[in-house]
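Participant: The following comprises the amino acid sequence and a computationally predicted model.
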Amino acid sequence: MMFVPKGSLSFIPFVNRYLSDVEYFKNEIQRIIDHRARNKDSSSKDILSLLLDGAGNNLTQEKEDLAPLSHSELISNCFIMIVAGHETTARTLAFALYLLAKHPDIQRTAQDQIDTIGLNYDSLTHVTNIIKETLRLYPAAVAILRMTTQDIEFKGTKLNKGVYVLYMWYLAHIDDKYWDRALEFIPDRWTTDKRNHEFHYSPFGVGKRSCIGKKFSEIEMVVVLSMILKRYNIKFEKEPYDLDLMVNITLRSKNPIHLVFERRDEE
């Protein structure tokens with residue numbers, strides 16, 4: 001865990017570029033919100049309309065405290081829908097396919113269940129466990145940044161209001177204190193391990209400010225992976241290999257993930 005005073009990282013080039021990009025997106029989102037507010041359609045029930053309903057008339061910075069969903073929260077939720085809902089899901093699926101190519105026995109078990117019960121999301125326990133285990137070993141986001149809203153003391157460290165707290169949840173994901181054989185890919189652990197891992201496993205964050213798209217993303221990844229496994233066997237192009245990981249906003253592999261999709265025999 002790291003504590004950083006607000007604004008103290010802007011001198012770092014990639015952080016400065018990131019903050020500049022965020023500011024651009026925020027301005028574009030505000031422009032869309034202003035347009036939607038001027039052209040209200042009571043019959044519209046898309047996600048932006050629902051968020052605007054939650055904000056009520058609180059659409060400008062000056063009315064920050066007048067609604068359950070503040071202006072900054074409205075902007076942040078729109079931002080997360082645009083930015084975080086695509087690359088993170090794609091990377092998780094890529095890591096899942098890599099792991100299944102590396103563990104063909106686990107791949108076959110998942111395919112057997114799909115062949116037996118079909119693409120029934122609620123019953124696809126093996127694929128669900130594969131996604132969970134992939135997110136544990138290779139979470140798209142390895143940390144979360146939060147800002148203190150008041151002066152607090154945490155384990156003897158005094159934090160003033162406005163300090164950023166960087167929580168590296170990835171370290172808890174692979175800590176032997178919390179997981180048996182923590183670095184191994186064992187999807188069945190999600191069926192047999194009955195311990196409470198709420199704060200040891202948090203690829204979407206925890207609490208009321210966790211990722212708003214968590215459930216949608218989980219369903220999307222299980223369905224897409226199931227459809228792939230129903231039609232294809234996933235194999236390495238050549239010999240199995242290890243990934244060389246790096247963090248650049250999201251967790252990714254430095255070396256490309258080359259896989260072969262082999263059409264399964266019709267049964």
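Facilitator: Cool, got the structure.
Participant: any idea where the strands of the stretch 51-200 of the chain begin and end?
Facilitator: Along the stretch 51-200 of the chain, counting by DSSP state E, counting those that start in this stretch, strands occupy 144-147, 152-154, 157-159, 163-167.
Participant: out of the ones you listed, deepest packed?
Facilitator: Highest mean neighbour count of those: strand 163-167, a mean of 16 (counted as mean count of other CB atoms under 10 Å). (Each C-beta comes from the backbone N, C-alpha and C, glycine too.)
Participant: That one packs against which elements?
Facilitator: In this structure, strand 163-167 makes packing contacts with strand 2-5, strand 144-147, judged by 3 or more CB pairs under 8 Å, 6 or more residues apart in numbering; DSSP states H and E.
Participant: rewinding a little: of all the strands of the stretch 51-200 of the chain, which lies closest to Asp46?
Facilitator: Nearest to Asp46 among the strands of the stretch 51-200 of the chain is strand 144-147 (27.1 Å), distances taken as CB to CB.
Participant: how far does the closest one sit from the chain's center?
Facilitator: Here the centre of strand 144-147 is set off from its chain's centre by 15 Å, with CA atoms, centre = their mean, to the nearest Å.
Participant: pretty sure Phe185 contacts Asp105?
Facilitator: No: judged on CB atoms under 8 Å, Phe185 makes no contact with Asp105 at a distance of 11.0 Å.
Participant: Which of these two has more residues huddled nearby?
Facilitator: Between Phe185 and Asp105, counted using other CB atoms under 10 Å, Phe185 has the larger neighbour count: 19 against 7.
Participant: Against Pro240, how distant is the closest residue to that one other than its chain neighbours?
Facilitator: Among residues not flanking Phe185 along the chain, Leu99 sits closest, at 5.2 Å (CB to CB, 6 or more residues apart in numbering). As for Leu99, its distance to Pro240 is 11 Å (criterion: CB to CB, to the nearest Å).
Participant: Also Arg91?
Facilitator: 20 Å.
Participant: Which of those two has more residues huddled nearby?
Facilitator: Using other CB under 10 Å, the more surrounded residue of Arg91 and Pro240 is Arg91, with 20 against 11.
Participant: which ones are touching that one?
Facilitator: Arg91 is in contact with 138, 140, 250-252, counting by CB atoms under 8 Å, 6 or more residues apart in numbering.
Participant: rerun at 10 Å
Facilitator: 134, 138-141, 250-253, 257 (CB atoms under 10 Å, 6 or more residues apart in numbering).
Participant: His200 too?
Facilitator: Contacts for His200 (CB under 10 Å, 6+ apart) come out as 136, 169, 171-173, 175, 177-179, 182.
Participant: Repeat that for Pro104.
Facilitator: Contacts of Pro104 (CB under 10 Å, 6+ apart): 111, 233-236, 240.
Participant: ranges for the helices of this protein?
Facilitator: For the chain, helices defined by DSSP state H occupy the ranges 13-38, 47-55, 71-83, 87-102, 104-117, 125-137, 169-173, 189-192, 214-231.
Participant: first to last residue in stretch 199-214, what's the distance?
Facilitator: With CA to CA, to the nearest Å as the measure, stretch 199-214 spans 16 Å from end to end.
Participant: Tell me how far Asn129 lies from Gly156.
Facilitator: 39 Å.
Participant: Of these two, which one has the most company?
Facilitator: Shown here are Asn129 and Gly156; by other CB under 10 Å, Asn129 has more neighbours (20 against 5).
Participant: shouldn't the more buried one be in contact with Ile106?
Facilitator: Yes: proximity of Asn129 to Ile106 meets the contact threshold set by CB atoms under 10 Å, at 9.2 Å.
Participant: which sections of the stretch 101-250 of the chain are below the confidence cut-off?
Facilitator: Low-confidence segments of the stretch 101-250 of the chain (pLDDT under 70): 248-249.
Participant: Is it correct that Pro187 is in contact with Gln113?
Facilitator: No: here Pro187 lies out of contact with Gln113, judged by CB under 10 Å, at a distance of 11.5 Å.
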